[in-house]
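**Q** What follows is a protein structure lacking sequence information:
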């Protein structure tokens, strides 16, 4: 996956920092590297001076300001401590077990713990024990906290694990989610939630029976630019919504789990789901019917099991129309646009891990929104930890994943039959 330009540090720095000082030392290493990269640190705002007073100014009555030239008292503050230093506070962190150590876990999720406020890495589950032990060593984990798929349920005996994060091929999501509940843990599951509607329903029911929470990993729902777009559309800041368009395409070459029918791969569930979910959260409604077309070229061996691409439309109750496409055989593009009566919102790129850009068009012209970027995986994991700690429903529960799978199944049926299909 490409690095974003100008970040000043790489994934390699995460591993170097973690190997030297464990997960807790990563943040300091990156801060040091970032300052060295930029050549300067961000300026800190100086508190406003106090109003004029008849008494002589002292460090105590003018916080943050140097003493006047005629000040004759002691220069050191009480107890030799900085009077305006912000002392960090201890926050409770829930323990996480990462289930599956593929590219996403290794390059995005594991490094994201370094900046987490409510989440910490405590265990790994993998089908490749040698790799898992190596990763555990890098992140300073006790070797006994490395589990295999076969003894996954042994997590029930590890009180330090509160949440498991399922990052496995789509065909394994339901099994490992339900086994996670049996182990007494809360579950964050990657999208798509599962290959079938029945599996989604069983996952939701299993969580209810276990008294544990299920969240689906829709990281963009915890990302500030997409949250701003949702807010603007709910408030109708640009007038009523009319149409939504989205495209998510990339080149996917074999061998790759995304190209395996056995592992429930294919472009619609892998990248088309971003378009589906974005349309649903931007419009704020559930689509009532869809049309779909698929292309599976016979002259490309990599597409012998799954289609190369889909194009599809969705109709919403308010009359908003969405048209989207996804493909595994075209140069990278990930974007969406919302057309409203009085303007439009454009997100391009829209679905990437970093570097999102949002533009808003009004009668006065087009403006690029300046919104501070966050680590999407850190934000997502901390949101779930907070929901568990506060016993609140997650923003993207199992029902959210089920809604997307219902749309996917309807699009697939439409592509097979050539008919418009109701979403039920």
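**A** All right, it came through fine. The structure displayed is predicted, hence computed values, not measured ones.
**Q** looking at the chain, which helix or strand does the model trust least?
**A** One helix or strand of the chain scores below all others by mean pLDDT, DSSP states H and E: helix 26-38, with a mean of 38.
**Q** Now do the very next helix or strand once past that one: which elements does it pack against?
**A** Downstream of helix 26-38, the next assigned helix or strand under DSSP states H and E is strand 94-99. Counting contacts by 3 or more Cβ pairs under 8 Å, 6 or more residues apart in numbering; DSSP states H and E, strand 94-99 is packed against strand 119-126, strand 163-166, helix 376-389. For every residue, glycine as well, the C-beta is placed using N, CA and C.
**Q** got a list of what residue 243 touches?
**A** Listed by Cβ atoms under 8 Å, 6 or more residues apart in numbering, the contact partners of residue 243 are 320-323, 338-339.
**Q** Buried residues, the helix or strand hosting it. List them.
**A** Using DSSP H and E, residue 243 maps to strand 241-251. Residues of strand 241-251 classed as buried under the neighbour-count rule (16 or more other Cβ atoms under 10 Å) are 241, 244-250.
**Q** likewise stretch 309-327?
**A** Neighbour-count burial for stretch 309-327 flags 309-316, 320-327 (criterion: 16+ other Cβ under 10 Å).
**Q** Any figure for the gap between the residue minimising distance to the centre of the chain and residue 396?
**A** The residue lying closest to the centre of the chain (Cα atoms, centre = their mean) is residue 219, at 2.4 Å. Look at residue 219 and residue 396: by Cβ to Cβ, to the nearest Å, they are 9 Å apart.
**Q** Kindly confirm whether my reading is correct that the residue nearest to the centre of the chain touches residue 378.
**A** No - contact criterion Cβ atoms under 8 Å: residue 219 and residue 378 do not qualify, at 9.6 Å.
**Q** Tell me where the stretch 151-300 of the chain has helices.
**A** 173-182, 197-210, 224-235, 267, 273-283 (DSSP state H, counting those that start in this stretch).
**Q** now, of the ones you listed, which is deepest in the fold?
**A** Mean neighbour count (mean count of other Cβ atoms under 10 Å) peaks for helix 267 among these, with a mean of 27.
**Q** For that one, which helices and strands make contact with it?
**A** For helix 267, there is no helix or strand it packs on, judged by 3+ Cβ pairs under 8 Å, 6+ apart.
**Q** before we move on, the earlier item: now the angle from the strand holding residue 243 to helix 224-235?
**A** Relative orientation of strand 241-251 and helix 224-235, computed by axes from the mean of the first three to the mean of the last three Cα atoms, to 10 degrees: 160 degrees.
**Q** what is the mean pLDDT for strand 241-251?
**A** In this model, strand 241-251 has an average pLDDT of 98.
**Q** starting at the chain centroid, how far to it?
**A** Relative to the centre of its chain, strand 241-251 is centred 19 Å away, using Cα atoms, centre = their mean, to the nearest Å.
**Q** quick check: angle from it to helix 273-283?
**A** Per the same axes, to 10 degrees, the angle that strand 241-251 makes with helix 273-283 is 160 degrees.
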